[in-house]
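J.: From the sequence below, what's the structure:
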Amino acid sequence: KYHYKSRVVRKIIRLIEEKKEPGIDILDAIMILNSAWKDVTESTIKNCYQKSKLLEFSVDENDGDVISDAIDENELNNLGISPEILEDFYHVDDNVRRIIVKFSSIQSSISGNVFY
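T.: The predicted structure follows:
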């Protein structure tokens, strides 16, 4: 919300300085929202979910070299794929944290609430 609101305020100030009617139409709102969303960091999202207590955070353990087990080096060579490329692909998300949603957490958090 912070990024969106600060952009809206800056836009309105700019419009006033340009002696134009201050206001935001739907297209402006969408464009500002898109721009603001790009500034939201992974840690901001993580902190929001941790504070809400809706999700349990965990890091998946490496289950072994699954891709190497499934495709041998000869098959890779036949496909024109170097083992290094496969290795890069396999490890591309090693540093990405995975969020595991517990259905019971979501269910208990919304029980009794009516959404329209």
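J.: and residue 43, what element?
T.: Here residue 43 sits within helix 42-52, counting by DSSP states H and E.
J.: so what secondary structure elements neighbour that helix?
T.: With contacts taken as 3 or more CB pairs under 8 Å, 6 or more residues apart in numbering; DSSP states H and E, helix 42-52 sits against strand 56-58. The way it works is simple: take the backbone N, C-alpha and C, and place the C-beta from them, glycine included.
J.: and if we set it to 10 Å?
T.: Helix 42-52 sits against strand 56-58, strand 98-100, with contacts defined as 3 or more CB pairs under 10 Å, 6 or more residues apart in numbering; DSSP states H and E.
J.: weakest of those strands in terms of mean pLDDT?
T.: Note on the helices and strands packed on helix 42-52: lowest mean pLDDT is at strand 56-58, with a mean of 53.
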